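Student: got a sequence here, can you build the structure:
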Amino acid sequence: MATLTCSGLRKTYGDLVAVADVGFHVDEGETYGLLGPNGAGKTTTISMLVGLLRADGGTIELDGAPMHPGARDVKARVGYVPQEIALYPDLTGRENLAFFARLHRLEDAAARIDEVLEVTGLRDRADDRVDEYSGGMQRRCNIGVALLHRPRLLVLDEPTVGVDPQSRDAILAAVEDLAGSGVSVLYTTHYMEEAERLCDRVGIIDHGSLVAEGTRRELVALVGQDDSVLLEVDGSAEAVAAALAEVPEVATATASGHRVECNVARAGERLPELLAAATRDGAVVMGVTVTEPDLESVFLHVTGRALRDH
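Tutor: Presented below is the predicted three-dimensional model:
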């Protein structure tokens with residue numbers, strides 16, 4: 001069942017088309033990623049989806065109910081984490097959460113605040129002022145505010161920009177846990193590795209249009225590239241390459257020193273067959289590295305430019 005459904009979304013500013021006919025859905029418990037460079041239209045799309053910006057065209061539904069700037073009951077089912085820190089710096093983390101809990105009129109505010117502090121890893125710093133937090137801690141507190149009212153859909157707009165590696169990993173781990181608990185997540189990023197780690201499905205947006213969509217494997221299939229398998233061998237690399245070349249699924253197999261590299265589709269599934277062929281004549285495989293085409297390759301393929309080009 002889809003938590004969020006949108007179709008035909010459009011937003012223009014004069015002659016500038018910021019978003020053009022964008023449509024996708026996010027299922028219950030799914031993490032859906034919007035992948036694209038800065039300026040691709042991700043934030044404009046998000047602003048329409050959470051009811052902050054009125055679309056010039058198209059439809060948005062949350063659990064079947066229409067979403068628009070005046071739909072307060074529907075908007076209340078969404079937790080939104082913007083790019084900018086939306087906290088009061090002179091209040092503590094706990095006081096910030098208490099303030100927003102009051103806005104949501106939560107009856108179990110104290111207990112819920114403790115739960116959110118645990119989820120975001122801020123329990124030990126809950127009573128410190130936010131302006132004493134690191135950038136990563138502030139972002140985690142920002143996520144905590146969005147979780148207070150137990151939203152059906154959590155929307156995160158570039159939540160790891162400018163944070164240190166430790167905080168970044170903590171944020172990603174928290175998002176993984178939330179998705180595992182059944183929360184639907186819409187996650188925008190221009191970091192390919194985040195989309196690879198978190199997202200069940202990905203939509204690639206460029207120049208305001210959704211240019212490709214699917215699971216990681218479905219998107220990689222668009223590139224038409226085989227996986228690369230590198231074998232470290234003790235024995236004749238040339239003989240191993242010749243044996244691998246006889247495997248029907250192997251496109252190419254080349255030897256260099258004690259290494260053999262071959263290209264094959266869906267290498268992970270065919271690895272036992274490849275290893276059997278490689279060791280058939282007595283060679284010993286000392287190491288195996290499988291490299292699959294990634295979302296960076298997909299983005300370059302469908303847009304003609306690298307993911308971080310602006």
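Student: going forward, measure contacts and count neighbours with C-alpha atoms only.
Tutor: Fine.
Student: ok, the residue nearest to Glu30 when sequence neighbours are not counted - contacts?
Tutor: In space, and not counting its chain neighbours, Glu30 is closest to Ser184: 5.0 Å by CA to CA, 6 or more residues apart in numbering. Taking CA atoms under 8 Å, 6 or more residues apart in numbering, we find Ser184 in contact with 3, 26-31, 152-154.
Student: gap between Ser184 and Val298?
Tutor: Computed as CA to CA, to the nearest Å, the Ser184 to Val298 distance reads 25 Å.
Student: now swap in Val220 and tell me
Tutor: Counting by CA to CA, the gap from Val220 to Val298 is 6 Å.
Student: residue contacts, Val163?
Tutor: Contact analysis of Val163 by CA under 8 Å, 6+ apart lists 135-136.
Student: what kind of secondary structure is it in?
Tutor: With DSSP: H, G, I helix; E, B strand; the rest coil as the basis, Val163 sits in coil.
Student: and the contacts of Ser184 as a markdown table, adding distance to Glu118 and neighbour count?
Tutor: Shown next, in a markdown table, are these (distance: CA to CA, whole Å; neighbours: other CA atoms under 10 Å):
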| residue | distance to Glu118 | neighbour count |
| --- | --- | --- |
| Thr3 | 26 | 20 |
| Val26 | 26 | 22 |
| Asp27 | 26 | 20 |
| Glu28 | 24 | 18 |
| Gly29 | 21 | 20 |
| Glu30 | 22 | 23 |
| Thr31 | 21 | 27 |
| Arg152 | 20 | 21 |
| Leu153 | 20 | 30 |
| Leu154 | 18 | 25 |
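Student: sitting in strands, which of these do you find?
Tutor: 3, 26-27, 31, 153-154 (DSSP state E).
Student: and the two most separated of the residues you listed?
Tutor: Within those, Asp27 and Leu154 form the most distant pair, 12.1 Å apart (CA to CA).
Student: for Gly33, give the beta-bridge partners.
Tutor: Going by DSSP bridges, Gly33 is paired in beta bridges with Tyr187, Val202.
Student: tell me the contacts of Asp200?
Tutor: Asp200 neighbours (CA under 8 Å, 6+ apart): 30-33, 215-216.
Student: do a quick rundown of the helices in this structure.
Tutor: 42-49, 72-75, 93-103, 109-119, 135-147, 165-180, 192-198, 216-223, 237-245, 267-278, 295-303 (DSSP state H).
Student: if you compare those, which one is most tucked away?
Tutor: Mean neighbours per residue, mean count of other CA atoms under 10 Å, is largest over the helices of the chain for helix 135-147, with a mean of 25.
Student: same for that helix, what does it pack against?
Tutor: strand 78-81, helix 93-103, helix 109-119, helix 165-180 (3 or more CA pairs under 8 Å, 6 or more residues apart in numbering; DSSP states H and E).
Student: turn those into a markdown table, including mean pLDDT.
Tutor: Converted to a markdown table, the helices and strands packed on helix 135-147 look like this (pLDDT from 0 to 100):
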| stretch | mean pLDDT |
| --- | --- |
| strand 78-81 | 95 |
| helix 93-103 | 97 |
| helix 109-119 | 95 |
| helix 165-180 | 86 |
